[in-house]
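*Asks:* after the sequence you'll find the predicted model.
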Amino acid sequence: MRILAILLCLSPGYLVPHQVDAQAQIDPADGFTPLPLTQSNFEVQRPYDVPVDQRYSFKDGVHKLWVFDTDKPHTPTSQTKPRTEIRIRGYDYSSGVWQFEGHGYVPSGTSGVCIMQVFGADSHATTFMLQVYDGTLYYYRRQVLLENIYDKWFKLNVIHDVNASSVKVYIDDKLRFSAPGQGGASHYFKFGVYTQAEPSHYMESRWRDVKILKK
């Protein structure tokens, strides 16, 4: 029975999300191939009743995205909360190992918001969400990844291994978190600001040096 219990804990189907003690710095992109990106790969989803330039700017290589908790959803028929997000186009995937890399920045006061996600799952919308509450990065709102992130740039790498059903999160080149996948027939990456529980009135994130990579 003891051997069986150990095997069950090691089985991929029994993996549970867990924080990882910060390890030595590595380059999470090693062994991956960067894919070409142009502005055409960045689809801005913003409140449907305002022009793009009232919720998004791209200047000096920085994507700045902001939204208010009183804004409309991104389409007239959507029942979702307000967002201004970039949806990566051209690189939807259903197998293999894929990676999002980018440098993110969250100004003080932004809270109750998702700033990056891996879209697609079996039983709900997403496989992974990076959320911010009171200056702390969370896996959804379940697990702390990193505290005191306001007003400073951080490097984010999210690796989604579809076949192995795993997600790994690196912050500033250190492995901070791993979690099981959530299934789903198709996936893609998004980043920006998407309202969650108990949001601040104004939410903003900035991103630069965004890359999509794969094995």
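*Replies:* Perfect, thanks for sending it.
*Asks:* just for this structure, where's the confidence low?
*Replies:* Low-confidence segments of the chain, defined by pLDDT under 70: 1-23.
*Asks:* ranges for the helices of it?
*Replies:* Secondary structure of the chain by DSSP state H: the helices cover 2-10.
*Asks:* relative to Tyr202, how far out is the residue most central in space within it?
*Replies:* Within the chain, one residue has its C-alpha closest to the average C-alpha position: by CA atoms, centre = their mean, that is Met116, at 2.5 Å. Distance of Met116 to Tyr202, computed by CB to CB, to the nearest Å: 19 Å. From N, CA and C alone the C-beta is placed, and that goes for glycine too.
*Asks:* how about Phe42?
*Replies:* Applying CB to CB to Phe42 and Tyr202 gives a distance of 22 Å.
*Asks:* coming back round to it: residues in contact with the residue nearest to the centre of the chain?
*Replies:* Applying CB atoms under 8 Å, 6 or more residues apart in numbering to Met116 gives the contacts 100, 102, 104, 129-130, 156, 158, 189-191.
*Asks:* what about 10 Å?
*Replies:* Shown in contact with Met116 (CB atoms under 10 Å, 6 or more residues apart in numbering): 85-86, 100, 102, 104, 128-132, 137, 156, 158, 169, 189-192, 194, 205, 207.
*Asks:* inside strands: which ones of the residues you listed?
*Replies:* When DSSP state E is applied, the contacts of Met116 are split such that 85-86, 100, 102, 104, 128-132, 137, 156, 158, 169, 189-192, 194, 205, 207 fall in strands.
*Asks:* quick one on the thing from earlier: tell me which of Phe42 and Tyr202 has more neighbours.
*Replies:* With neighbours defined as other CB atoms under 10 Å, Phe42 and Tyr202 compare such that Phe42 has more, 19 against 15.
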